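Undergrad: sequence plus predicted model, see below.
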Amino acid sequence: MAAYPQLGSGALSQFPVQKRRRARTVVNRAADGSVIKLADPAAEVTEWLLTYTDLRDEEAAALRAFFNATEGTLNGFTFLDPMGNLLAWSEQLDNASWQIDPLLSLTAEVSDPRGGARAWRLSNSGGAEQTIGQTLSSPGEYQYCLSAYVRAAAATSVQLMIGSEIARRAVTSEWNRIAWTSRGDEEATSVRFAIEIGAGDVVDVYGLQVEAQTAASGYKASTRGGVYEDAHLGDDVLTMASTDVNRHSYTVKIIHANHL
């Protein structure tokens, strides 16, 4: 599936970004007057309004080409939420969304750097490295930033993985946020993001986050995750203005509806 293009800066959007989510509750009123209410996830609609200014010629051309390829509102595409954490269930590492190597054990309710108890203790009882991560249906050619808060009783290191690329980061006895920016595999239609723990190591982890940009923003806890497949443009007209030489402004509306 086609993917919404990143800007030359590696960002998906510029500020301000407007995001609105509409949900529906089904209400059943019985003959005896009692009421049963149930959430209706299939009716959820999420909308983004992206406003761009001072785009270069090549960035403006990429947006126009994307608009033409989707034929306005007709064809769906993959959209990565520029305001969210792309990972699902970032504070529930035992959720089925996470892929965990067999010799890596997880302990919940560890004290976190924000004064709560939402961190996890990752213990590698094996003789080789073990990983925990997620594989997202996101384009390999994007730039991504993977970040996390980490600490360990004894100084060690962990490896951050984006696709086939790997970077090592130091871990100390104090909470520190580590981050790494890289691209996935160029032709891939999915990317695996993971953190690798060395043999025999015990590392506390909090706030795992993936964003489609070149640097980490503030941590955002997630449940659903920020990859929206089969999103659609909200208009059949692309609003554009050329404000100067090599300077262009656009407004783009994007809609994702669970029932489409």
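TA: Noted; the coordinates are in hand.
Undergrad: ok, now which ones touch the residue nearest in space to the middle of the chain?
TA: Nearest to the geometric centre of the chain sits L86, at 1.3 Å (C-alpha atoms, centre = their mean). Residues in contact with L86 (C-beta atoms under 8 Å, 6 or more residues apart in numbering) are 80, 136, 138, 144, 193, 209-212, 222, 225-227. Quick note: C-beta positions are derived from backbone N, CA and C, even for glycine.
Undergrad: and which of the residues you listed is nearest to D57?
TA: Within the contacts of L86, the smallest distance to D57 is 22.6 Å, found for A212 (C-beta to C-beta).
Undergrad: what is the neighbour count of that closest one?
TA: Applying other C-beta atoms under 10 Å, we find 27 residues neighbouring A212.
Undergrad: still on that earlier bit, now the contacts of L86 as TSV including pLDDT?
TA: Output for these, formatted as TSV (pLDDT from 0 to 100):
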residue	pLDDT
L80	97
L136	97
S138	95
Y144	97
F193	98
Q209	98
V210	98
E211	97
A212	96
S222	97
G225	96
G226	96
V227	97
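Undergrad: return the member of the residues you listed nearest to L160.
TA: Ranked by distance to L160 (C-beta to C-beta), the contacts of L86 are led by F193 at 8.2 Å.
Undergrad: what about that closest one, distance to S97?
TA: Separation of F193 from S97 (C-beta to C-beta, to the nearest Å) stands at 12 Å.
Undergrad: likewise for A23?
TA: Distance, A23 to S97, using C-beta to C-beta: 21 Å.
Undergrad: mutual contacts of F193 and S97, please.
TA: Residues touching both F193 and S97 by C-beta under 8 Å, 6+ apart: L87, Q134.
Undergrad: for the two, indicate the residue with more neighbours.
TA: The neighbour count for F193 versus S97, taken as other C-beta under 10 Å, is higher for F193 (21 against 18).
Undergrad: in its sheet, which strands sit next to the helix or strand hosting that one, and in what direction?
TA: For F193, the host element (DSSP states H and E) is strand 191-197. In the sheet, strand 191-197 lines up against strand 130-136 (antiparallel), strand 156-162 (antiparallel) (DSSP bridges).
Undergrad: format those as JSON lines; extra columns: distance to T70 and mean neighbour count.
TA: Converted to JSON lines, these look like this (distance: least, C-beta to C-beta, whole Å; neighbours: other C-beta atoms under 10 Å):
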{"stretch": "strand 130-136", "distance to T70": "21", "mean neighbour count": "20"}
{"stretch": "strand 156-162", "distance to T70": "27", "mean neighbour count": "21"}
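Undergrad: out of those strands, which gets nearest to V252?
TA: Using C-beta to C-beta, the nearest of those to V252 is strand 130-136, at 22.2 Å.
Undergrad: who's in contact with that closest one?
TA: Identification of contacts with strand 130-136 by C-beta under 8 Å, 6+ apart yields 86-88, 93, 97-104, 106, 122, 124, 161, 190-197, 210, 225, 227.
Undergrad: same check on stretch 238-251?
TA: Contact partners of stretch 238-251, identified using C-beta under 8 Å, 6+ apart, comprise 49-57, 59-60, 63-64, 67, 252.
Undergrad: give me the below-cutoff pLDDT ranges for the protein.
TA: Applying pLDDT under 70 to the chain picks out residues 260.
Undergrad: mind doing that once more with 80?
TA: For the chain, the stretches flagged by pLDDT under 80 are 41-42, 259-260.
Undergrad: quick one, helices of it?
TA: Ranges of helices within the chain are 57-70, based on DSSP state H.
Undergrad: and it, what are its domains?
TA: Residue ranges for the domains of the chain, per automatic domain parsing: 17-83+227-257, 99-211.
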